[in-house]
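> next comes the sequence, and after it the predicted model I'd like to discuss.
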Amino acid sequence: MRIGGSVMKPYHSPSEWLEQVKELNYSAVIFPVDSSAPKTVVQDYLNCCRDNDLLIGEVGVWRNTMSKEDGEKHIEYAVRQLELAETVGANCCVNIAGSWGALWDGYHPSQGTKAFYDAVVETTQRIIDAVKPEKTCFSLEPMPWMAPESPEEYLQLIRDVDREGFKVHLDFANMINGLDRYRRSDDFIRRCFELLAPHIRSIHAKDLLIDDHILPVCIKEVPPGEGSINLKLALQLAQALPGDIPVFVEHLDSHEAYLAASRHMHELLKTIA
């Protein structure tokens, strides 16, 4: 298992990027350039990762491949990003399912329909079939309101996509979308690992807290260690997975916040080593 996260300060070379990675004490990284970068630049960053024993955990897509207007353009980008992930040997190339609404990662009523689910399956198959990855995989990060929004639905999605190149990017916090899962978050996290363990290639580990000033229910992300999520349990379960799995902190707003989050995760890791 490796701890990683985002790099917030600008960088213009592998050496500048590596300086931040080392300061943050990451041993897993998100690949720092996308598929538009020249091949020589990609190779320079890949060499930097290899020379410094950095696991490339993710290549991100973060485009709305389900968009009614721009879906085809975003699918093409997802294919290029998956090709990049294959080139650099990333654990996974990750996106979210997307939306038929105005906000690419937002809620839309269609997301609970069979038509939307079937479109997610078809789009995922198209992306994977265009690349046929052997060294990496394509993954969908769970979200509170779009497939997959539960470990059971993720398992079903694996069956329906039916491609060896489709694996799990686990974000258990995004699926804690109600009071029952929040109150029983330890049990829910265990359930995620119980069902999905053989398929997990990358993990986002985030903390959550109820904001009881907003009704009826508001569960918000907070920095690791400031909420109610048992991140030590998550690390224990991640540690037991086969292979070298990255655990990433995310959605923090500064270099200093990532320093604190990485420090907290490494302190937890010491208690289970």
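Arrived safely, thanks for sending.
> ok now stretch 46-65, how far from the chain's centre?
12 Å (C-alpha atoms, centre = their mean, to the nearest Å).
> pull out the buried residues from that stretch.
46, 48-49, 54-61, 63-65 (16 or more other C-beta atoms under 10 Å). Placement of C-beta: from N, CA and C, glycine included.
> between its first and last residues, how far does that stretch reach?
27 Å (C-alpha to C-alpha, to the nearest Å).
> quick check: mean pLDDT of that stretch?
The average pLDDT for stretch 46-65 rounds to 98.
> all strands of the stretch 1-150 of the chain, in order?
Secondary structure of the stretch 1-150 of the chain by DSSP state E, counting those that start in this stretch: the strands cover 2-5, 28-30, 55-60, 92-95, 138-140.
> which of those sits closest to residue 206?
strand 2-5 (10.8 Å; C-beta to C-beta).
> and the contacts of the closest one?
For strand 2-5, contacts defined as C-beta atoms under 8 Å, 6 or more residues apart in numbering pick out 24-30, 55, 57, 244-250, 252, 258, 261-262, 265-266, 269.
> in helices, which of those residues appear?
Among the contacts of strand 2-5, the residues falling in helices (DSSP state H) are 258, 261, 262, 265, 266, 269.
> out of those residues, which is nearest to residue 207?
Using C-beta to C-beta, the ones in helices among the contacts of strand 2-5 come closest to residue 207 at residue 261, 9.0 Å.
> and for the closest one, the neighbour number?
26 (other C-beta atoms under 10 Å).
> skipping adjacent residues, who's closest to it in space?
Distances taken as C-beta to C-beta, 6 or more residues apart in numbering put residue 249 closest to residue 261, at 4.2 Å, once the chain neighbours are dropped.
> list the contacts of the one you found.
By C-beta under 8 Å, 6+ apart, the contact set of residue 249 is 3, 4, 5, 6, 204, 205, 206, 224, 258, 261, 262, 265.
> next one: residue 117
Residues counted as contacts of residue 117 (C-beta under 8 Å, 6+ apart) are residue 147.
> which residue is the nearest non-sequential neighbour of residue 251?
Spatial nearest neighbour of residue 251, chain neighbours left out: residue 221 (5.6 Å); criterion: C-beta to C-beta, 6+ apart.
> sorry, wrong one. I was asking about residue 255.
Residue 255 sits nearest to residue 8 (C-beta to C-beta, 6+ apart), 4.6 Å away.
> for this structure, which spans come out with low pLDDT?
273 (pLDDT under 70).
> what about the helices in it?
Going by DSSP H, the chain shows helices at 14-23, 39-51, 71-88, 114-131, 151-161, 172-175, 179-183, 185-196, 231-239, 255-272.
> packing partners of the last one?
So that's helix 255-272. If you count contacts as 3 or more C-beta pairs under 8 Å, 6 or more residues apart in numbering; DSSP states H and E, helix 255-272 packs onto strand 2-5, helix 231-239, strand 246-249.
> ok and that helix relative to helix 14-23, angle-wise?
50 degrees (axes from the mean of the first three to the mean of the last three C-alpha atoms, to 10 degrees).
> re the thing from before, got a winner among the contacts of residue 249 for most neighbours?
Busiest of the contacts of residue 249 [other C-beta under 10 Å] is residue 5, holding 29 neighbours.
> what bridges to it?
residue 29, residue 249 (DSSP bridges).
> and the gap between it and residue 218?
From residue 5 across to residue 218, the span is 25 Å (C-beta to C-beta, to the nearest Å).
> check residue 7 too.
30 Å.
> looking at these two, which is more packed in?
residue 7 (21 against 11).
> now for the nearest residue in space to the more buried one that is not next to it in sequence: which residues touch it?
Leaving aside its sequence neighbours, residue 7 sits nearest to residue 20 (C-beta to C-beta, 6+ apart; 4.9 Å). By C-beta under 8 Å, 6+ apart, the contact set of residue 20 is 7, 8, 9, 11, 255.
> what about 10 Å?
6, 7, 8, 9, 10, 11, 26, 32, 255, 258, 259 (C-beta atoms under 10 Å, 6 or more residues apart in numbering).
> mind putting these in JSON lines, distance to residue 127 included?
Output for these, formatted as JSON lines (distance: C-beta to C-beta, whole Å):
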{"residue": "6", "distance to residue 127": "24"}
{"residue": "7", "distance to residue 127": "26"}
{"residue": "8", "distance to residue 127": "29"}
{"residue": "9", "distance to residue 127": "31"}
{"residue": "10", "distance to residue 127": "30"}
{"residue": "11", "distance to residue 127": "29"}
{"residue": "26", "distance to residue 127": "27"}
{"residue": "32", "distance to residue 127": "22"}
{"residue": "255", "distance to residue 127": "33"}
{"residue": "258", "distance to residue 127": "30"}
{"residue": "259", "distance to residue 127": "35"}
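> having no further points to raise, I will conclude here.
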